[in-house]
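> predicted coordinates and the sequence they were generated for:
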Amino acid sequence: METLKKKFIIILLIFSFINLNGQDFLKSSTATGNGTTINNSKNWTDVVTTNIDVTGVTKVLVTASLNMRPDGSNDNGREANYRIKSNDLTIGDSGVIKRQLIKNSEVGVESWGIGTLVHIFDVSSVASPTSISFTLEHSNKGVSQTGRNVYTSVRLTAVALTTTSNNYELSNDVKRISTDVTTTSATFESLLGSTTNNINLPNEGDIYVVASINSRSNGTNNLAEYKLEYSSNGGANWFDLGKPVKRSMINNFDDGIISLVGLKQGLTAGSDYQFRISHRRVSGTNTIFTNNVNLVAIALSHNGGGYFPSFYSEVGSIGVDITGVGTAASDVTSTTFTTTSDIGSEKPDTYVSSQFLLSASNLSVSPDERMRGSNQLFLNNGGVDLTENKYYRYIPDNDNFGSGGTIGLAENLDSNSLYTIGMKHSIDFVSNSTSDETLTTSEVILAGFQLFDKPNSTLGIIDEETFEKKYLLYKSYENIEFKSDDPIDATIRIYNSIGQLMESKSISNKREITISNLNYKGIVFVSIELSEGIFIKKMLL
């Protein structure tokens, strides 16, 4: 009875340690701003800056959610260019993404465009502790003329990919393609160079994927389409992820931005997950050029046994309609999530992203009708909606398809509260309106994840007799050895006598783990996380 009681106390202790270390979070920051490019200049200028503490951090996800339009009296087109950079780093920037803008003189329409830019920065070379800044810059790289400028509004968001308390790094990868990849295929082809390295999911959880893409053609009236794909077996087989998005190209200068979002939920632990982009030409006779691609993939669980809760909602190809200028904004899609607990004085934050496809119907051609539609994210916990800024998109005719995307951060939410998150749309202006014009928002993905984790508590305790039928755990000199009869996925964690995590190591499809160089004398608690449960043992080093 005494032995059983001691074992029970040890189990309670170790679960307390796991739970304590499982309460972790990702540091983040966000800022909004706007600006206009320099008159008669191609120089880069700052639009907005955000600062983030990178103490103990290896990688940072940085995203920009962009809304742009021509500015100034010049009637020629603009080439809006964007990049994210940090003056605190010497390793370059996000790479450029661009958006061609025609000059439309119709007041109220204004040729608005939408886009995103995503990247993962390596900050491991930054001396710690320190805070670093990231800045979104813009420039009109077209012909420099007076009054030929670009106005941009932006939300810039940074999320550390290393947890704050225990320094668990989330498995991640970014692929950048800065040269043209072409296609004339009517069926989807994988985008050469876009396949990520393997993403390791140390325990059951989700993987988040996001991409920003430039697309154009070498002729008029072409339609291209893009989608995300995933593999769970190292690239042997590929499957669709999320929804495809189209983009119309009106001429050979029409560089535009495609935004894609994906979330693969409920995955088992493993290290063979890969992601890529595919593209095709839907209609037209000219070559499709894809470049300035950034593809990001991030595992939403970590080696401490915790995971970051996610949410997901989608709308298919039929979409959701709204008719009439001045009609009250209506819901496109929504979903709910429950926030995590506070961690000390820190309140929960949630990262939010979306993709969508915009089109119009009932736009007259005599006289010409042109539309400015808008999409807007909202958040509600039973009170008044908290709304993001509207993102506007110009739609010139009934045959035009426009890609849209937004990314942001909801900060300081109430803990343990049910929130509804969603997207609304509206028709903000139509030139020569006859009141029957319709905006359709389709191929919607609304996805995100909380930045405070939860411990993975779905696993039960494995008793010693059951454990020893298949596994061996022992001390060899100063090392701790774990061996299995068969190849397995497992994570071993070592805690000292006061519950601090000293070491964590995972294997995938292997038979053994060795923990060495602990430089510690005394009692430790060893936790082995397996697919069938957790085994815990007290050892003396």
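Received the coordinates, thanks. Numbering: from 1, shown residues only.

> give me the below-cutoff pLDDT ranges for the chain.
For the chain, the stretches with pLDDT under 70 are 1-22, 104-105, 128-129, 456-459, 498-500.

> per the annotation, how does it divide into domains?
When the chain is parsed with automatic domain parsing, its domains come out as 2-22+459-540, 36-155, 171-301, 308-452.

> and the end-to-end length of the third one?
Criterion Cα to Cα, to the nearest Å; first-to-last residue distance in domain 171-301 is 8 Å.

> OK, contacts around the residue nearest the centre of the chain?
Centroid-nearest residue in the chain, with Cα atoms, centre = their mean: residue 210, separated by 4.6 Å. Neighbouring residues of residue 210 by Cβ atoms under 8 Å, 6 or more residues apart in numbering: 63, 116, 118, 259-262, 295-296, 353, 407. C-beta here means a position set from N, CA and C on the backbone, and glycine is covered the same way.

> who does the strand or helix carrying it pair up with?
Assigned by DSSP states H and E, residue 210 belongs to strand 205-217. When sheet partners are counted by DSSP bridges, strand 205-217 sits next to strand 256-267 (antiparallel), strand 288-299 (antiparallel).

> including distance to residue 511 and mean neighbour count, could those go into TSV?
Formatted as TSV, the strands paired with strand 205-217 follow (distance: least, Cβ to Cβ, whole Å; neighbours: other Cβ atoms under 10 Å):
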stretch	distance to residue 511	mean neighbour count
strand 256-267	23	23
strand 288-299	24	24
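
> just send these back as a markdown table, with distance to residue 170 too.
Shown next, in a markdown table, are the strands paired with strand 205-217 (distance: least, Cβ to Cβ, whole Å):
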| stretch | distance to residue 170 |
| --- | --- |
| strand 256-267 | 14 |
| strand 288-299 | 5 |
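
> quick one: closest of these to residue 165.
The closest of the strands paired with strand 205-217 to residue 165 is strand 288-299. By Cβ to Cβ, the value is 18.1 Å.

> just how off-centre is the helix or strand following that closest one within its chain?
For strand 288-299, the following helix or strand on the C-terminal side (DSSP H and E) is strand 306-307. Distance of strand 306-307 from its chain centroid, counting by Cα atoms, centre = their mean, to the nearest Å, is 17 Å.

> please apply the same query to stretch 315-333.
Taking mean C-alpha positions (Cα atoms, centre = their mean), stretch 315-333 and its chain are 25 Å apart.

> pull out the buried positions in that stretch.
315, 319-320, 322, 324-325, 329, 332-333 (16 or more other Cβ atoms under 10 Å).

> span of stretch 182-198 from start to end?
End to end - Cα to Cα - stretch 182-198 spans 25 Å.

> so what touches it?
With Cβ under 8 Å, 6+ apart, stretch 182-198 has contacts from 173-175, 177, 181, 225, 227, 229, 234-235, 238, 271-282, 286-290, 293, 295, 297.

> got it, and stretch 359-374?
With contact meaning Cβ under 8 Å, 6+ apart, stretch 359-374 is reached by 104, 106, 108-110, 112, 319, 323, 329, 358, 390-398, 400-402, 425-434, 436-442.

> take these and keep only those in helices.
Among those, no residue falls in helices (DSSP state H).

> which members of the residues you listed are classed as buried?
If you count burial by 16+ other Cβ under 10 Å, the buried members of the contacts of stretch 359-374 come out as 104, 106, 109-110, 112, 319, 329, 358, 390-398, 400-402, 425-431, 433, 437-442.

> what's around the nearest residue to residue 432 once chain neighbours are set aside, how many residues?
What sits nearest to residue 432 in space, not counting adjacent residues and going by Cβ to Cβ, 6 or more residues apart in numbering, is residue 367, at 4.6 Å. A count of neighbours around residue 367, defined by other Cβ atoms under 10 Å, yields 8.

> show me the beta-bridge partners of the residue nearest to the centre of the chain.
Taking DSSP bridges as the rule, residue 210 bridges to residue 261, residue 296.

> pull out the buried positions in the host helix or strand of residue 52.
Here residue 52 is covered by strand 45-53, with elements defined by DSSP H and E. Residues of strand 45-53 classed as buried by neighbour count (16+ other Cβ under 10 Å): 47-50, 52-53.

> dump those residues into a markdown table; add distance to residue 535 as well.
Shown next, in a markdown table, are the buried residues of strand 45-53 (distance: Cβ to Cβ, whole Å):
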| residue | distance to residue 535 |
| --- | --- |
| 47 | 53 |
| 48 | 50 |
| 49 | 49 |
| 50 | 44 |
| 52 | 38 |
| 53 | 37 |
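
> need the longest strand for the chain.
The single longest strand within the chain, with elements called by DSSP state E, is strand 479-496.

> partner strands of the helix or strand just after that strand and their direction?
Downstream of strand 479-496, the next assigned helix or strand under DSSP H and E is strand 501-515. If you go by DSSP bridges, strand 501-515 pairs up with strand 479-496 (antiparallel).
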